[in-house]
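J.: Would you be able to build a 3D model of this:
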Amino acid sequence: MKTPLLSGFLLLAFLFCLGNTLSADETKTLRLAIFLLEPYMMENPVTGEPGGITVDYWREYIAPRMGYELEVVGLFPVNRVERMLEMGEVDVAPLFTRIPSREERFLYPETPLTEITSCLILSPDSPLREVTQSEDLFDMRIGFLEGGYVPPLLQHPRISLELVASEDYRKLNLNKLFAGRLDAALDINYLSLMYYLKDRGLTDRVRILMLPVEKVNVYSIFRKTPEGDQLREQYDSINRQGQADGVFDSIAEGYFQEP
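T.: Alright, predicted model coming up:
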């Protein structure tokens, strides 16, 4: 015959095991913050929810293989996304270039998401027709994004970069260009820019000049903590296979192809 003490002990043991089983079955959540970079990260025009190539890739391919449900927050200005990641409000943030100030604060994986190409946005009547060296841009007022990657070609004291911090920094720079307050605007993601201009019917109002600089990689970045390092290692293993299988590029094709 069981004593009350033994019965109580068995009940506690049962509840403990049950709790562990329920915890093991719970799906963990990974928080990802995004900024506006169409069509990679944007608001879904139908649902109003965060979407885009990068969000789809994380939601459909990366997160499930890491064992996480994905929660996407945004859209936010780039600098705010960085602060949220640094403060631990989110776990990961894509699509970031490597610059020293970020490498001091965040963990970069070995594998990139994709690569990007830099260009200048000009008025159709701009006298600038070709850029081969920094001197071609001397004394120009060029708009760009605060905290963004600046190609070495434009890192010269005779080139004036006017930086803005906004969720839609392209809109601000284009308005300044149209008003004659800028000579040009720098954009480091040509494919995204062309999508943006076409979506807004602005392709005929500007002229695009490609810059003679190397393409640069963009990454998903993580917190500089032991937990962030574990997530980075998991991600690298999965993303490496995803890149080898062309998963990201396949998703991108669906956004860039003509309707």
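J.: how about the helices in this structure?
T.: Taking DSSP state H to define them, one finds helices in the chain at 4-25, 53-57, 63-66, 78-86, 100-103, 169-178, 190-199, 226-244, 247-256.
J.: For these, give me TSV that also has distance to residue 153, mean pLDDT and mean neighbour count.
T.: C-beta here means a position set from N, CA and C on the backbone, and glycine is covered the same way. Shown next, in TSV, are the helices of the chain (distance: least, CB to CB, whole Å; pLDDT from 0 to 100; neighbours: other CB atoms under 10 Å):
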stretch	distance to residue 153	mean pLDDT	mean neighbour count
helix 4-25	53	45	10
helix 53-57	27	97	24
helix 63-66	37	96	17
helix 78-86	21	94	19
helix 100-103	18	93	12
helix 169-178	18	96	19
helix 190-199	15	95	18
helix 226-244	28	96	16
helix 247-256	26	93	16
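J.: What average pLDDT does stretch 36-48 get?
T.: Mean pLDDT, stretch 36-48: 90.
J.: next one: stretch 146-155
T.: On average, stretch 146-155 scores 93.
J.: That stretch: which residues count as buried?
T.: Residues of stretch 146-155 classed as buried: 147-150, 153-154 (neighbour count, 16 or more other CB atoms under 10 Å).
J.: Kindly indicate which of those lies nearest residue 233.
T.: residue 149 (25.0 Å; CB to CB).
J.: one step back: select, out of the helices of the chain, the one closest to residue 112.
T.: helix 226-244 (7.9 Å).
J.: now for the buried residues of stretch 146-155, which pair is the farthest apart?
T.: Most distant of the buried residues of stretch 146-155, by CB to CB, are 147 and 153, 18.7 Å apart.
J.: Please report the distance of residue 250 from residue 55.
T.: 15 Å (CB to CB, to the nearest Å).
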